[in-house]
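# This is the structure alone, sequence omitted:
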């Protein structure tokens, strides 16, 4: 836990975590994250811009790429790890994801059924 | 209590006493962790309260997650109203994927430079922290200007938020993200001033940590946004 770097007098040792790295290590980690994020972004835009993929499967592929990129961001930019001092963060994230899925999935599900059960509307006029 | 090599806890030693790990955590125990060695506390608190950095980060993470949950409501509204264009323009007619690609690269690059600012502030380099924060701000500003240009183009074409339910949901979702970026830019400016004037005091470093988390979270929301709104929307 206590991880004082040599020649770094100002470092507050109570305020540093096991993963605190020297400068180059930190930059390399961010570069890896950036490279992976760029790769996934380019893949998304290329798939959407061309018709390499079978049309109806395109949204699924794009969503998978987006989830992968969000994972990259969480690990390399937000430094979400499996370290013991990160357990609470991961648990909170899982709960957040649960609520997000509930809100989005539930809305789409319910509104889809509501649309299915609507009376057919007349093409003209504002009648109810 | 100076036996560093073979640490024998005294009989009245209480590893769970507040702050009791300060003196004992030396080279003798060997790195702590969850081990049952010596007089180390074995609970998940690792023998003492977590460092302020961990606690501050956790609190801000909770705020960010609640923000993301708010965004999920906007995403749900957009997903439901996606096809309700009221015979008006669809996403396919309106979205310019080239501009979205430039916006995305601006935001991704700014996320990277924001990470560089955190590396620089870890190394306590005031100059490089300021440089990285300035680059982050400029890229964020470029993103925001491109978004405003897109909005004004759409409104000029008669595709404003009042045109259809689809466009209302679009402007609410994308505009909410844009507002967050704007708030982030204001915050970034104040952080640059604070680092400049006050230096790396502990609470300034904590604010920098929170700003980093905020800016990266904005990029995460943008990833979901350009996928769901622009890429999937321009296909249909």
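Happy to help now that I have it. Everything numeric in this text was worked out from a predicted model, so none of it was measured.
# And chain A, is the helix ranked longest in chain B touching that?
Among the segments of chain B that qualify as a helix by DSSP state H, the longest is helix B:165-198. No - against chain A, helix B:165-198 shows no contacts by CB under 8 Å from any CB of the partner chain, the least distance being 11.4 Å. Every C-beta, even on glycine, is put in place using the N, C-alpha and C of the backbone.
# Now do the buried residues in that helix.
For helix B:165-198, the neighbour count (16 or more other CB atoms under 10 Å in any protein chain shown) marks B:165-174, B:176-178, B:180-181, B:184-185, B:187-188, B:191-192, B:195 as buried.
# and stretch B:221-232, how far out from the chain's middle?
In this view, stretch B:221-232 has its centroid 17 Å away from the chain centroid, taken as CA atoms, centre = their mean, to the nearest Å.
# One more: stretch B:192-204?
19 Å.
# what distance separates the start and the end of it?
Terminal residues of stretch B:192-204 are spaced 10 Å apart (CA to CA, to the nearest Å).
# residue contacts, the residue nearest the centre of chain A?
Per CA atoms, centre = their mean, the C-alpha nearest to the average position across chain A is that of residue A:70, at 2.3 Å. By CB atoms under 8 Å, 6 or more residues apart in numbering or on different chains, the residues touching residue A:70 are B:220, B:223, B:224.
# What about these, which one has the most neighbours?
The most crowded member of those, judged by other CB atoms under 10 Å in any protein chain shown, is residue B:223 (24 neighbours).
# and that one, what are its phi and psi?
Note on residue B:223: backbone dihedrals following degrees, to the nearest 10 are phi -60, psi -50.
# Quick one: residues contacting it.
A:41, A:66, A:69, A:70, A:73.
# ok, those vs chain B, which is closest?
Lowest distance from chain B to the contacts of residue B:223 (CB to the nearest CB) belongs to residue A:66, with 3.9 Å.
# Could you verify my assumption that the closest one touches residue A:45?
No - using CB atoms under 8 Å, residue A:66 makes no contact with residue A:45, being 11.7 Å away.
# Low-confidence stretches in chain A?
Scanning chain A for pLDDT under 70 picks out A:1-21, A:121-128.
# just the strands in it please.
Per DSSP state E, chain A carries no strands over any range.
# Having no further points to raise, I will conclude here.
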